[in-house]
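Participant: Next input, structure requested:
(2 chains)
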Amino acid sequence: MSSIAIDAVSKIFGKTPALKDIALDIRDGEFMVLLGPSGCGKTTLLRCVAGLEQVNSGRIRIGERDVTDLAPRDRNIAMVFQSYAVFPHMTVGSNIGFGLRMKRRPKPEIERRVREGAELLGLVPFLDRYPAQLSGGQRQRVAVARALVMDAPVLLMDEPLSNLDALLRLQARADLKRLHKEVKRTTIYVTHDQVEAMSMGDRIAVMREGAIEQLGAPMEIYDNPATQFVGGFIGSPPMNFLRGAIRDGSFTGDGFAVPITRMRGDLQGREMVLGVRAEHITIADDGIPARVMVVEPLGSHALVTVLVGKTAVKVQAPIDVAVRPDQAINLHFDEATLRWMDAGTGSAIQR
Amino acid sequence: MNARVLDRSVLYAGAIFLAIWVLVPFYLIAISAFTPQAKIFDYPKPLVPTSLSTDTMQFFVEARGVIPSVLNSLVVALFTIVFGLVLGAPAGYALARFRFRGREAFQVVVLMTKMFPIAILSIPLAVTFLQLGLYDNLISVALVHTAMALPFIVLVTGGVFVAVSHELEEAAQTLGCSRWGAFLRIVLPLALPGLAAAAIFTFVISWNEVFAATILTLRTRTLPAQVLASLSTSPLAFKFAGGLFMVLPAIVFIFLIRKYLMNLWGSR
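Facilitator: Okay, the predicted model is just below:
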């Protein structure tokens, strides 16, 4: 039983607040992704859970235990670092067994578990090699194996895939996901890559400027971003935003009008931002006028960038779409999928 | 193309000139030290020695006071290394790991201590050591040498520790080490070659230091102090032999650790 409870945690570096009153509960066995741009505090939060940073206020509990004031080694965690932090003066086998040796496990047990860890990550042929003789992907797997054999109920990962090239990252992503299914450790995974977050996380905590902007399952966050920031951060391409106000049954902004049939009466005239995903826009015979800027064929579909009024909007179109740059076209927005945010705060508005 | 060839040749000419500038005196001292007493005044000197003998070296090594002074020098150098690393390496570690207030100022101040000529410091030091009862004591010489070597040790060990990634230390901590344990098991083994280089260079500093050693000792002379004291009364061959004997460890050691000195001088 190893849920993690982060309760009102704050961290200040000098005068800069890095974490502002963070509250986050992670369930036993859950894969929680901390997602956000660099400097948002996600790594700091992970390091606070690891005990590598001291919190300024708040408590952290792992399972039933308050670990806030404990050293990293007393917290029952294992961590994978961004640089892998594989010890260069030890063989792969010694690296994987390092934590077990520190815990003074009996030698046969260490050997057995090192072997198991190496098998799990396909490292058996490399057990006697030194890290300098390994590729980046192999070193990354050594770091994961070293963390896994600890049998700690909590696994912390700090951007473990960010130093791999694109192809390898795809493979490693799937491997990590499979591994999580097999070992079921409570995992906190830090990344700035929204694709990683979407594909791996049971839940995602989107962070910005030291606070959690939204917490939820990947598709929930994708479909219903709590703020304009989240909508713009999640998804490739990110959500499109149009600024305007509802007047006389349509959402009108700088050079465009989107017809709206159902809307709360009190939102009439209020400055709002309309959010719409590229796949919820279709090119139609009539509708909202737009001008094509760029057409990018991407194999499975084409990404068309158009100008609606003065705002650039990305549209996902079939690969055989017959439009050219500078062509005037019409768009249809699927009204049920439109999202609304306050123009001032960026927070979502329920319709 | 031609300009580049010219550039290269000027560069190489300069490098060769400097190398000759440094190497020729070493060479002359070396062959003189192995020339028999009788032939030492031969002129012009043959560039390739015709008759080598170890007589002069033997004479030097067997001269009164040389062996004890070599032992004294070794003792002083070893104490200097121990004192210097015990005091300097933690400072270097702090410089490498912690962002504390006045960190830059500290680095400058460390270097500033090199501004004071040892000649000016020696007299008050001698007086102080007399008062403390440390005069004519190998420990006192080692203390002065430690003070002279410390700026170097702090900056070099700082560079050595910076090169060991912080994440390695943190990884060890998450894997069951205390801070101290992570240092001993991870940082120290990785820093060891660099620390050894610092130790060897400290040895050379101490081994070659003559001024403080002369002022602060009377009977327990280190080798340079001993050679200096007998310089005016000894035959030329003896001087050459002494010179070679003193310069050899420095050359050998610096050759061994040149990689780390390059680090120190910023061509990392």
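
Participant: all helices of the chain, in order?
Facilitator: You didn't say which chain, so I picked chain A. For chain A, helices defined by DSSP state H occupy the ranges A:42-50, A:92-102, A:107-120, A:136-148, A:166-183, A:194-200, A:218-223, A:228-233.

Participant: hm, I was asking about chain B
Facilitator: B:2-33, B:55-62, B:66-97, B:103-112, B:118-132, B:138-162, B:166-174, B:179-182, B:188-208, B:211-216, B:223-229, B:236-256, B:258-264.

Participant: Mean pLDDT and mean neighbour count for these - can I get that in a markdown table?
Facilitator: From N, CA and C alone the C-beta is placed, and that goes for glycine too. Converted to a markdown table, these look like this (pLDDT from 0 to 100; neighbours: other CB atoms under 10 Å in any protein chain shown):
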| stretch | mean pLDDT | mean neighbour count |
| --- | --- | --- |
| helix B:2-33 | 88 | 12 |
| helix B:55-62 | 78 | 16 |
| helix B:66-97 | 92 | 19 |
| helix B:103-112 | 85 | 12 |
| helix B:118-132 | 82 | 14 |
| helix B:138-162 | 89 | 23 |
| helix B:166-174 | 95 | 22 |
| helix B:179-182 | 94 | 15 |
| helix B:188-208 | 89 | 20 |
| helix B:211-216 | 82 | 22 |
| helix B:223-229 | 83 | 22 |
| helix B:236-256 | 81 | 17 |
| helix B:258-264 | 63 | 15 |
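
Participant: returning to that earlier point: so for residue B:36, which of the helices of chain A sits nearest?
Facilitator: helix A:92-102 (57.8 Å; CB to CB).

Participant: Going by neighbour count, list what's buried in the closest one.
Facilitator: Under the neighbour-count criterion of 16 or more other CB atoms under 10 Å in any protein chain shown, helix A:92-102 has A:92, A:93, A:94, A:95, A:96, A:97, A:98, A:99, A:100, A:102 buried.

Participant: who touches it?
Facilitator: A:73, A:78, A:86-87, A:90, A:109-111, A:113-114, A:117-118, A:123, A:126-131, A:134, A:142, A:145-147, A:149-150, B:172, B:175-177, B:181 (CB atoms under 8 Å, 6 or more residues apart in numbering or on different chains).

Participant: and what of stretch B:143-153?
Facilitator: Counting by CB under 8 Å, 6+ apart, B:76-77, B:79-80, B:83-85, B:87-89, B:92, B:110-111, B:113-114, B:118, B:125, B:134, B:198, B:201-202, B:205-206, B:209, B:212, B:216, B:264 sit against stretch B:143-153.

Participant: Return only those of these found close to chain A.
Facilitator: Contacts with chain A are made by none of the contacts of stretch B:143-153, judged by CB under 8 Å from any CB of the partner chain.

Participant: if I pick residue 225, what's in contact with it?
Facilitator: Using chain A. Residue A:225 is in contact with A:214, A:231, A:234, A:239, A:275, A:339, A:348, counting by CB under 8 Å, 6+ apart.

Participant: wait, I meant chain B there
Facilitator: If you count contacts by CB under 8 Å, 6+ apart, residue B:225 has them with B:69, B:210, B:213, B:214, B:217.

Participant: ok, the third one to chain A distance?
Facilitator: What that stands for is residue B:213. 38 Å (CB to the nearest CB, to the nearest Å).

Participant: Share the number of residues neighbouring whichever residue of the stretch 201-350 of chain A sits closest to chain B, please.
Facilitator: Here the stretch 201-350 of chain A gets closest to chain B at one residue, residue A:210, 19.9 Å apart by CB to the nearest CB. If you count neighbours by other CB atoms under 10 Å in any protein chain shown, residue A:210 ends up with 22.

Participant: The one 4 residues further on now?
Facilitator: Residue A:214 is flanked by 22 other residues according to other CB under 10 Å.

Participant: Write down the beta-bridge partners of it, one by one.
Facilitator: When assigned by DSSP bridges, residue A:214 has beta-bridge partners residue A:206.

Participant: where does whatever residue of the stretch 101-250 of chain B ends up closest to chain A land on pLDDT?
Facilitator: In the stretch 101-250 of chain B, the residue that lies nearest chain A is residue B:176 (3.2 Å; CB to the nearest CB). In this model, residue B:176 is scored at 93, pLDDT.

Participant: so what's residue B:104 up against?
Facilitator: Contacts for residue B:104 (CB under 8 Å, 6+ apart) come out as none.

Participant: With residue A:328 instead?
Facilitator: Residue A:328 neighbours (CB under 8 Å, 6+ apart): A:289, A:290, A:291, A:292.

Participant: separation between it and residue B:238?
Facilitator: As judged by CB to CB, to the nearest Å, residue A:328 and residue B:238 stand 102 Å apart.

Participant: Residue B:39 now?
Facilitator: For residue B:39, the distance to residue B:238 - CB to CB - is 15 Å.

Participant: do residue B:247 as well
Facilitator: Residue B:247 is 15 Å from residue B:238, by CB to CB.

Participant: what's the residue lying closest to residue A:176 once chain neighbours are set aside in contact with, if anything?
Facilitator: Nearest residue to residue A:176, sequence neighbours excluded (CB to CB, 6 or more residues apart in numbering or on different chains): residue A:200, at 6.7 Å. Contact partners of residue A:200, counting by CB under 8 Å, 6+ apart, are A:31, A:33, A:173, A:176, A:177, A:180, A:189.

Participant: Chain neighbours aside, what residue packs nearest to residue A:141?
Facilitator: Nearest to residue A:141 is residue A:121, by CB to CB, 6+ apart, at 4.3 Å.

Participant: Tell me, how many residues neighbour the one you found?
Facilitator: 22.

Participant: Whatever residue of the stretch 1-150 of chain B ends up closest to chain A: neighbour count?
Facilitator: Of all residues in the stretch 1-150 of chain B, residue B:99 sits closest to chain A, at 9.4 Å by CB to the nearest CB. Look at residue B:99: counted by other CB under 10 Å, it has 7 neighbours.

Participant: Need phi/psi at it.
Facilitator: The phi/psi pair for residue B:99 (degrees, to the nearest 10) reads phi -100, psi 80.

Participant: Give me the pLDDT value at the residue lying closest to residue A:196 once chain neighbours are set aside.
Facilitator: In space, residue A:196 comes closest to residue A:173 once its chain neighbours are excluded; the distance is 6.1 Å by CB to CB, 6+ apart. pLDDT, residue A:173: 92.

Participant: Could I get the contacting residues of residue A:173?
Facilitator: The contact partners of residue A:173, by CB under 8 Å, 6+ apart, come to A:161, A:196, A:199, A:200.

Participant: hmm, which of these are the buried ones?
Facilitator: Those of the contacts of residue A:173 that meet the buried threshold are A:161, A:196, A:200, by 16+ other CB under 10 Å.

Participant: which residues sit in contact with the first one?
Facilitator: Listed by CB under 8 Å, 6+ apart, the contact set of residue A:161 reads A:140, A:169, A:172, A:173, A:176, A:191, A:193, A:196.

Participant: Is there a quick ChimeraX command that grabs whichever of the contacts of helix A:92-102 are buried?
Facilitator: Restricted to buried positions by 16+ other CB under 10 Å, the ChimeraX selection for the contacts of helix A:92-102 reads:
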select /A:73,78,86,87,90,110,113,114,117,118,123,126,127,130,131,134,142,145,146,147,149,150 /B:172,175,176,177
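
Participant: still on that earlier bit, I'd guessed the residue nearest to residue A:141 sits against residue A:143; true?
Facilitator: No: counting by CB atoms under 8 Å, residue A:121 sits too far from residue A:143 to count as a contact (9.6 Å).

Participant: The residue nearest to residue A:196 and residue A:33: what is the separation?
Facilitator: Residue A:173 is 12 Å from residue A:33, where distance means CB to CB.

Participant: Can you pull the residues that touch both of the two?
Facilitator: Common neighbours of residue A:173 and residue A:33 (CB under 8 Å, 6+ apart) are A:196, A:200.

Participant: Understood, closing this out.
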